Each structure stands twice: as C-alpha cells, then as structure tokens.
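> Generate a structure from the sequence data that follows.
(2 chains)
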Amino acid sequence: MRLAAQVVDLTKFYDLGSVVVKALRGVSTDFPEGDFVAVMGSSGSGKSTLLNLLGALDRPTSGQYFLGGRDVSTLDDDELSAMRNDMIGFIFQSFNLIAQYSVLENIEVPLLYRAGYPPIGRAEREWCLELANMVGLGDRTDHRPFQLSGGQQQRVSIARALVNDPQIILADEPTGNLDSTTEAEIMDILHKLNEDGRTIIMVTHEPSIARQTKRQITMKDGLIENETLIKQSIPTR
Amino acid sequence: MTHIIRIVRLALKSLLLHKLRSGLTMLGIVFGVFSVIAMLAIGEGASAQAQRQVLELGATNVIVRSVKPPTEVVQSSSGSRVLSYGLLRSDYKILTNTIPTITKAVPIREVDREIRHLKESMNARVVGCTADYLEMNHLTLSQGRFLTNSDQENLLNVAVIANEVANILFKFEDPVGKSIRIGSMYYTVVGVTKDRTASAAIGGSLSGQDYNKDVYVPIKTLQAREGDLDIKTQAGSNTAEQIELHQITLRVNDKDAVLSTAEAIRETLEQTHPRTKDYAVVVPLELLKQAEQIRMIFNVVLGSIAAISLVVGGIGIMNIMLATVTERTREIGVRRALGARQSDIVEQFLTETIVLAGSGGLIGVVFGLLTPVTFLGIQWFVQNFVMEGNTAGSDVGRMFFDLQPQIAFWSLPVAFGISVTIGILSGIYPAISAAKLDPIEALRHE
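Residues are numbered from 1 along each chain as shown, chains lettered A, B, ... in the order given. This next block holds a predicted model:
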C-alpha cells in the first residue's frame, strides 16, 4: 500500500527558558493513501502539536516527516509554505474564511499562492465552481461568509481545502462548532471524499465522530497511547 | 502583470471592507498632497508676481532716486531752513557722459499740483521728463503724441495726461488741444496715455507708482516755470525742499552689463555726493535675483510645512495598518496555512498601503489642480470678513488680491510620488510585522 505520509520518531520540544516542554516524545506512524484517521486525546496530549507538524506549520525538534516524497523537517519557511499550498488541505474548527471574499474567491485563495503565481484562468474558475457544486453551494458562490450558516461556511472551507488537489486533508475538529444535523452533513462530505480516495487526518474530541473513521489514534503525554482500526473492528486494547 | 493586477484588486477588496476607515485614512494623504501643491502654487504665483513687477521696471534699467536723508544730518549740513538734497542735473550729465554702456537716460522731477480745466479740478502728480519716459516705463498712448525733444528745447507748455486724469477733467470732450492749468501755468494737452497697472513698491527706496493720475510735461519747461523749490503746506506749517531731480532712469545697452554699470553709477555718485547719501540706486535685475532667491526660500518653507501634513498622513496610515494587522491576525494565519509565503503577506499589506496612499495622492492632485478656485474663495472671504477699510488698498492688500496661484506642474508628479513613498514607508513596518507572525499563533488568535 502506498503511503500518503509517514512520521518517524517525531519529537517536538518547546524551550520555555526555565522548563522544556516535551510536547511530542517520539511519534511514529504511517498514513496510507485513502486512510481516514481520527486523532484523539485530552488537551496537552500533543495532538495539536502533531497536527501542526503534519500541516507543515512547524518543524519537529527531531525525527522525520515524509510528505510527497520529501522530508518536511528539513525545509525552510518558504518551502514549508509551498508544501502547505501544494500538498495539504486545511479544514478548521472555526472555518476561517476570509471575510471580505465571496464564496468563490475564498475557494480560490490557495490558487493565489501557487508556485510561480500562474494566472487564475477560466479552467481554474470552472474547477472552483465544480468544487462549490460538490459541497452543495453552487447557487451561493457570490455570497459572503457572513451570509452563510456555519455548516455552509464549513463546506466552503472543505472546497477550499481541495482546490489544489492535496496529498492529505487535515481537519481540526471540523464539526466542533456545528450542531448535530450539520455535523452529519459535514461528515457525509468527508466520507465521500475518503471514498474517492482522499487521505483525511482529523483531530476530534468526540468518540461518536471518531468512530466514523477507519482508524483511531489516541495520544497521551506526547506519545501514541494506542491505535484502533475501527472499520475492521479489531480492538488492540 | 496579471499578478500585479490581482494583488491590487485584492487590496482594493480589503480596503473597501472598511470604507469609512479607509476613506478617513486616505484623507490625511489627500490633504497632505493638496497642501503641497497649493503651497507651491501660491509660492510660485507670488514669485511670478514679484518677477512681473520687477520686469515692469525693466531688466536693463538702473533707477537712481533721490532719498531724503535723516534729519540730523540735514540740519548739521545746511544752515538754511530749506532742505536741499537729492540728485542734481550735474549728476545726470556726468552719468550720461562718462558711462558708455548707458544708452538712454531720463531725468525725472515730480511735483504734486492741482490741475484744472474749466470747473473740473484734481490733484495730480506732475512728472517732468523727456521723450524716452514713455517707452522706458512701458506706457502707451491712446491718442495724440508724447513729449518730444523740441518741446524741451523750446520750453513749450505742453502736457500729456494719463487716462484717469483725462476722464476727470474732460468728461465729454476730446482733451487733445485743450488747455489745462497746472499750478498757475497753462499747458496744452497733446496726448493721453492708456491705463497702466500700478507698479508695486519694491524695496524701501522705490514706492509704488500709480501711473494713472500723472501729468507729463517737459522737464525743462517744469524747471523754468516752477523752479527747483517745492513748498508743501502741511498741518499749518510750510516745509520747503529743493530737489533738482527726483529720479534718473538709465537704460543699459546689454543685460550682462547691468550689474557693472550699476557699480559704476554707485561709484560716480559717491564722489559727487561725498557727505550724505541722499540717493538710492535701484537695480531691477538685482531685485529679480533677490526675488528668485525669495521664491526659493518661499518654496522651501511652504513646501516643508505642507510636507509635515503629508508625514502626519503617513503616520495615520501606519497607525491604521498596525491596527489592521492586529485585527487581521487570524486572516494572516489562514493565508499562511493555505500556502502564503512571508513575502506574499508583505506584498499584500504593502499593496494595501500603496493603494491607499496612491489613491489619496491622486485625489489630492485633483484637489491641488483646483487651487486657483480655492484661492479665489479665500480672497473673497478675506475681502468680506477680514479686511477693513483701506487695508485692501495698501501694498500688502494689493499684493494679496493680485496674487494668482500658479500650479507648478512638476509638483503634481512629485507630490504624488511622495505620497506613494510615504505609503511604502508607513506600510513596510506593519507589513513585515504581519509576515513575521507565527502561523500557528496567528491561527489561534481570537
């Protein structure tokens, strides 16, 4: 099975002067293509740090992180930016749409930062429209974020995460700010994406959401406490 | 190119999100640019005015005028009660005979007399002069002729009157050929001069001249009829002054020779007037150079004052952009997460400030082009609410109302360029601080 991403003995220490916080103490795991992983754990367990590292927002203190055939841990700031743009799709808990842009323009944002700044042509526009249709917002492309409900905003951010056809999709509690009906809708979209072969790594607090994924990683004290393959229903405990 | 269009478009979008805030921020630059252009236009107008006045005196002319010396000097030097000072006819002869660069010279004597024609009378300045006076003072005739050399030789009682005099004395008749009484003598009017704008006072030695209430007579006739003694009755006491010539206007053959000729004139007069300096040498060309320097000083001073308001505008932009960066920390984090490099963030915020400052600058330039209109408004306001009584007629008043702002066209691109530069300067720090934000921190920012 091909790997979408792989982390090897990843550590992350924060030097706060008097103390060194060991947020990650050696995490290794593989993310095969088409995987759907839920990362769980209480706050302070290191799951946010892991997500930041997976999202190429930060570099590890030691260890390797392979994404798209490159070791992200050795890249400089501009290369990390390029990596995030090209390889990673972000879905945030609070949607994080840009207020002054319309739905379509929000979906286009990652296109603005592609390497070499190629112009956004008709093909790109149509692709963005297609994504808007896919998340069910084809008739609201001119709306601004404040005119949309939370669920609709999250759909926009899903479309935005897909626009550069990333290697992995990172979702940070994507349903944390939504009611249960909308939560189900968003999860449906994520499932559909996963069925289409997208690799999704999702941080969540809620066991009910985590149960809908293929694999569950529980973090504790900067280490992976256990991994559960849910779809196969093989308890490792 | 498409990239530039795109980032400008995005900057506009962000600015339009807060229309009022962007507008107010822009206003600082608008007024800054406007005041730079307006100040320079007024400075330029004032200097053009000064140059015009100096050129009216003639760039190749040298004017020597009699000046009343301080009273102590007079009393000690002459025992008589008659004040005797000023240029002499011998000075005129010496100057015209010894300095070869002088091509023309007009001796002038001025007395105030009542002039009459039938029942009409007025007080006028009677100017004794020669034929060259007409041309050297840029006067033109509306009818008749000016004084000639033969008028001088034959001591004829002929006079040329200014237009305003003609209007007062001859309401319904043609003045040419009629006779007027000057003091106690009768003169025949041979010509009328056209209106000429009054010259402003220049320096301390040359007062403003209103050419429109003048009567010109041959200087030799004036000397023969009136003598050199001028008795004035003032507040019950009589003062008598003996002045042979009030002024000698000299024309130099070449502009380059003006300054050296003026020097020669000064040296000559120093020898003929060894005891008191009862004359002044006015060189319009020197005044022109002074006016040029004054213009420079004006421009620098006014420009700096205006530049201060531009800087204040720039500080306003910087202030707003710093607030904007804080306010949009989350947006910056999102953009970074979606792949924006630090340079992209710098570019974005810098473009916003440049667009802000640049459009402010453009509006300021448009306002600046309206400076002459604005200035008309200011003149109207001053005339109606500030000036009282005779102030408007004074030299300062006349200067103010004659002033026409002249937009220096080089100042338009310069002011615009400065505004854009200020946009860049005030935007660079907020932009860099935005780019330096840690994306993880920025994403967490509430």
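> Could you check which residue of chain B lies nearest chain A?
In chain B, no residue comes nearer to chain A than B:G339, which is 2.3 Å away by Cβ to the nearest Cβ. (Glycine included, C-beta is placed from N, CA and C.)
> Remind me which helix or strand the residue nearest to that residue when sequence neighbours are not counted belongs to.
Ranked by Cβ to Cβ, 6 or more residues apart in numbering or on different chains and with sequence neighbours excluded, the top spatial neighbour of B:G339 is A:N85, at 2.3 Å. Taking DSSP states H and E as the definition, one finds A:N85 inside helix A:77-87.
> That helix: which residues count as buried?
The neighbour-count criterion (16 or more other Cβ atoms under 10 Å in any protein chain shown) identifies A:80-87 as the buried residues of helix A:77-87.
> Out of those, the closest to chain B would be?
For these, the nearest to chain B is A:N85 (2.3 Å; Cβ to the nearest Cβ).
> dump the residue contacts of that closest one.
When the contact criterion is Cβ atoms under 8 Å, 6 or more residues apart in numbering or on different chains, the partners of A:N85 are A:110, A:113-115, A:164, B:338-340.
> Out of these, list just those in helices.
Within the contacts of A:N85, membership in helices is found for A:P110, as judged by DSSP state H.
> which one of the contacts of A:N85 is nearest B:D256?
Taking Cβ to Cβ as the measure, B:D256 sits nearest to B:A340 out of the contacts of A:N85, at 66.5 Å.
> if I pick the nearest residue to A:D35 once chain neighbours are set aside, what's in contact with it?
The shortest distance from A:D35 to any non-neighbouring residue, by Cβ to Cβ, 6+ apart, is to A:T199 (5.1 Å). Listed by Cβ under 8 Å, 6+ apart, the contact partners of A:T199 are A:4-5, A:31-36, A:167-169.
> I'd say the residue of chain B closest to chain A and A:Y113 touch.
Yes: the pair formed by B:G339 and A:Y113 meets the contact definition of Cβ atoms under 8 Å, at 4.0 Å.
> quick one: low-confidence parts of chain B?
Low-confidence segments of chain B, defined by pLDDT under 70, span residues B:71-81, B:197-208, B:232-237, B:388-395.
> can you tell me how far the residue nearest to B:G339 sits from B:R328?
A:N85 sits 20 Å away from B:R328 when distances are taken as Cβ to Cβ, to the nearest Å.
> And A:D196, by the same measure?
Distance check for A:D196 against B:R328: by Cβ to Cβ, it reads 34 Å.
> got it, and B:G45?
Distance of B:G45 to B:R328, computed by Cβ to Cβ: 45 Å.
> Same question for B:N238.
Where B:R328 is concerned, B:N238 sits at a distance of 86 Å (Cβ to Cβ).
> Comparing the two, which shows the higher neighbour count?
Higher neighbour count among B:N238 and B:R328: B:R328, with 22 against 9, using other Cβ atoms under 10 Å in any protein chain shown.
> Please tell me how far that one sits from B:I432.
According to Cβ to Cβ, B:R328 and B:I432 sit 15 Å apart.
> check contacts around A:D86.
By Cβ under 8 Å, 6+ apart, the contact list for A:D86 reads A:68, A:114-115, A:164, A:166, B:339.
> How about A:G41, nearest residue that isn't a chain neighbour?
A:M219 (3.5 Å).
> just how off-centre is the host helix or strand of the one you found within its chain?
Assignment of secondary structure by DSSP H and E places A:M219 within strand A:215-220. Chain-centre distance of strand A:215-220: 16 Å, with Cα atoms, centre = their mean, to the nearest Å.
> could I have the helix or strand that that strand is followed by exported to CSV, CA atoms only?
Tracing the chain C-terminally past strand A:215-220 and defining elements by DSSP H and E, one meets strand A:223-229 next. The C-alpha coordinates for strand A:223-229 follow below in CSV (Å, rounded to 0.1, in the frame of the first residue of the first chain):
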residue,chain,number,x,y,z
LEU,A,223,3.1,9.7,22.7
ILE,A,224,0.6,7.5,20.8
GLU,A,225,-1.2,5.6,23.5
ASN,A,226,-3.0,3.2,21.2
GLU,A,227,-4.2,2.8,17.7
THR,A,228,-7.6,1.2,16.8
LEU,A,229,-8.7,0.0,13.4
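> Without its sequence neighbours, what residue ends up closest to A:P145?
Using Cβ to Cβ, 6+ apart and skipping residues adjacent in sequence, the residue nearest A:P145 is A:L97, 4.2 Å away.
> Now do the SS call for that neighbour.
Of the three states, A:L97 takes coil according to DSSP: H, G, I helix; E, B strand; the rest coil.
> OK, contacts around it?
Taking Cβ under 8 Å, 6+ apart as the criterion, A:L97 is in contact with A:106, A:145, A:153, A:156-157, A:160.
> for B:L88, same thing?
Residues in contact with B:L88, defined by Cβ under 8 Å, 6+ apart, are B:244-245, B:272.
> still on that earlier bit, of the contacts of A:N85, closest to B:R113?
Comparing every one of those with B:R113 (Cβ to Cβ), the shortest separation belongs to B:A340, at 88.3 Å.
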